[in-house]
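J.: Task: produce atomic coordinates for the following.
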Amino acid sequence: MGTNKKLFISLADLSAEKYAYYIIKEIVTKDENIEILVVAGDKIKELADQINSKYSFNRIKFISNSIKYSSVGFFENFSYVPFAYIEYIKLKEILKKEKPNYVLLIDAPFLNTKLIKYLRSLYDPVIIYLIPPKTWLNKRNKVHNFIEETCDYIILPFRFNLSLYKKSYFLGHPLLDIVNLERNKYIQENKLADKGKNNLGIFPGSRKFELFFISKNALNIIKDRDIYTIFDKFLISSLIQNNKILINSLKKGNIDKINNIKIEIVKDNMEIYQNSLLALSKSGTIVFENILNNLPTIAYYKVFKISEITFKLLKKIEVKYISIPNLLIEYEFKDEMISNLPSYLKDDYLVVEELIQEQYNLHSLKSKIFRVYNEIESYDIKIRVFNEILGAYYPKDSLKKISDFILNIINK
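T.: Numbering: from 1, shown residues only. Predicted structure coming up:
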């Protein structure tokens, strides 16, 4: 291509890929002279193929699928390590050859902190970190110092992060824009016929460990006779649609052996948002997305016991809540939340019910489901108030602002 503007983008999870998808589209549209190298997933690969078909050269060079090696926990992903390491070695060789002068890192601290060290040992690129490590903490530790010392620009997802990173920018959270874009697109493409709202949505994650370990109880709760009876259908995120073993186990475990009549694998999460009364979800960005789409959610999370001990003793990590909405309330607008709720909810102001480690079992999960089901109007009120406050606190058009911010850096 012959350009001196080469941008490398690195990410390793589905939510970050959503952000990158819109950022890449903005950058490619606004500046014809930027060449992009990227490690991401299938969504970005499809975008790269689509954009490259319009040029006589590869405007976007898709290097490898980093999402298939994305990890949760600490000891839970050892089986992926040899394969991920081989891909990492290949990536280092490509970066050594290409030497991109601009680098955009999105989340994925395990991968991206290693890339920072490697790139800084080679040459001196401009490094931009969008959603840097441990933005869910409200106090600094050594990783915050490392990112400040090694990155040129830090773009934060939450306002309360400004106390964590001194050399940083807050332009709003990109998920707020993405939710609006996806909702509007869904409404335009679908006739919103009333399919009934007495359904339970389930977001079990996409990684094998998430499906078979973390989400095991959430999926097995379908087999509970009381739970099976109160819901019309169970709408499960399509991320598991290619996992035949899991789908077959759901069919076999179905009450009355009716071969999955009440279970639907849904292709578009917006359909779950439009047609569910409440949801179960593995903790992560998806819980935040559920709440932004006004869907009451029970979040759950579980890792191996040895990982839990490691995090507490060696990493010294303790988190008060596991869901982004509850953390935002606690760290940013607790007082506003309480003052805007009716009197009977002022002592029960959190919007997400949470279960973690030993608390997350079939009995506790069943109890939480019945609580939210029986108090669904209260949860709807809390979520409405939360979204109203968030809309007032957080800048709009964050995706455009982030894209323009990156373009301004490149074009200085």
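J.: Could you pull up the contacting residues of residue 62?
T.: Contacts here follow CB atoms under 8 Å, 6 or more residues apart in numbering; on that basis residue 62 touches 38, 40, 44-45, 48-49. All C-beta spots, glycine's among them, are computed from the backbone N, C-alpha and C.
J.: where does it land in three-state SS?
T.: The three-state assignment at residue 62 reads strand, by DSSP: H, G, I helix; E, B strand; the rest coil.
J.: circling back: let me know the closest of the contacts of residue 62 to residue 368.
T.: residue 40 (34.7 Å; CB to CB).
J.: quick revisit: can you tell me which of the contacts of residue 62 is nearest residue 275?
T.: So of the contacts of residue 62, ranked by how close each gets to residue 275 (CB to CB), first place is residue 44, at 28.7 Å.
J.: From residue 52, how far out is that closest one?
T.: Applying CB to CB, to the nearest Å, the value for residue 44 to residue 52 is 12 Å.
J.: out of those two, which sits in the more crowded spot?
T.: The residue with more neighbours, out of residue 44 and residue 52, is residue 44; 25 against 15, by other CB atoms under 10 Å.
J.: Just to be sure, the more buried one is in a helix?
T.: Yes. Checked against three-state DSSP, residue 44 lies within a helix.
J.: Residue 366 versus that one, what's the distance?
T.: Taking CB to CB, one finds residue 44 at 39 Å from residue 366.
J.: mind listing the strands for the chain?
T.: According to DSSP state E, the chain carries its strands in the segments 5-10, 34-40, 60-65, 102-106, 126-130, 153-156, 169-170, 199-203, 233-237, 263-266, 278-282, 297-301, 353-356.
J.: List the pairing partners of the fourth one within its sheet, with orientation.
T.: What that stands for is strand 102-106. Strand 102-106 has the following strand partners under DSSP bridges: strand 5-10 (parallel), strand 126-130 (parallel).
J.: closest to residue 333 out of those?
T.: strand 126-130 (23.1 Å).
J.: C-alpha coordinates for the closest one, CSV please?
T.: Output in CSV follows, covering the C-alpha atoms of strand 126-130 (Å, rounded to 0.1, in the frame of the first residue of the first chain):
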residue,chain,number,x,y,z
VAL,A,126,2.3,5.1,19.8
ILE,A,127,0.2,2.9,22.1
ILE,A,128,-3.4,3.6,22.8
TYR,A,129,-5.2,1.4,25.4
LEU,A,130,-9.0,1.3,25.3
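J.: chain center to that strand, what's the gap?
T.: 19 Å (CA atoms, centre = their mean, to the nearest Å).
J.: How about stretch 96-109?
T.: With CA atoms, centre = their mean as the basis, stretch 96-109 stands 21 Å off its chain's centre.
J.: got the buried residues for that stretch?
T.: If you call a residue buried by 16 or more other CB atoms under 10 Å, then stretch 96-109 has these buried ones: 100, 102-109.
J.: Closest one to residue 280 out of those residues, please.
T.: Nearest to residue 280, judged by CB to CB, of the buried residues of stretch 96-109 is residue 107 at 23.6 Å.
J.: my guess is the closest one meets residue 14, correct?
T.: No. With contacts counted by CB atoms under 8 Å, residue 107 stays clear of residue 14, the gap being 10.6 Å.
J.: Quick check: which ranges of this protein have low pLDDT?
T.: 1-3, 69-83, 138, 191-196, 207, 209, 239-261, 303-319 (pLDDT under 70).
J.: list the contacts for the residue nearest the centre of it?
T.: Centroid check for the chain by CA atoms, centre = their mean gives residue 285 as the closest residue, at 3.2 Å. Contact analysis of residue 285 by CB under 8 Å, 6+ apart lists 13, 15, 175, 324.
J.: And for residue 326?
T.: 350-352, 354.
J.: Just the buried ones out of the residues you listed, please.
T.: 350-352, 354.
J.: Pick the one among those residues closest to residue 20.
T.: residue 352 (26.1 Å).
J.: Not counting residues beside it along the chain, what's closest to the closest one?
T.: residue 323 (4.2 Å; CB to CB, 6 or more residues apart in numbering).
J.: Can you name the residues bridging to residue 64?
T.: Here residue 64, judged by DSSP bridges, has bridge partners residue 39.
J.: How many residues are close by it?
T.: Residue 64, neighbours per other CB under 10 Å, totals 17.
J.: Quick check: it vs residue 90, distance?
T.: 7 Å.
J.: Out of the contacts of residue 62, which end up buried?
T.: By neighbour count, with 16+ other CB under 10 Å, the contacts of residue 62 hold 38, 40, 44-45, 48 as buried.
J.: Format those as JSON lines; extra columns: distance to residue 205.
T.: Putting those into JSON lines (distance: CB to CB, whole Å) gives the following:
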{"residue": "38", "distance to residue 205": "23"}
{"residue": "40", "distance to residue 205": "18"}
{"residue": "44", "distance to residue 205": "20"}
{"residue": "45", "distance to residue 205": "21"}
{"residue": "48", "distance to residue 205": "25"}
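J.: Of those residues, just say which sits nearest to residue 404.
T.: Using CB to CB, residue 38 comes nearest to residue 404 of the buried ones among the contacts of residue 62, at 19.4 Å.
J.: Kindly state the beta-bridge partners for the nearest residue to that closest one once chain neighbours are set aside.
T.: With CB to CB, 6+ apart as the criterion, residue 38 has its nearest non-adjacent residue at 4.4 Å, and that residue is residue 9. Following DSSP bridges, residue 9 is listed with bridge partners residue 38, residue 104.
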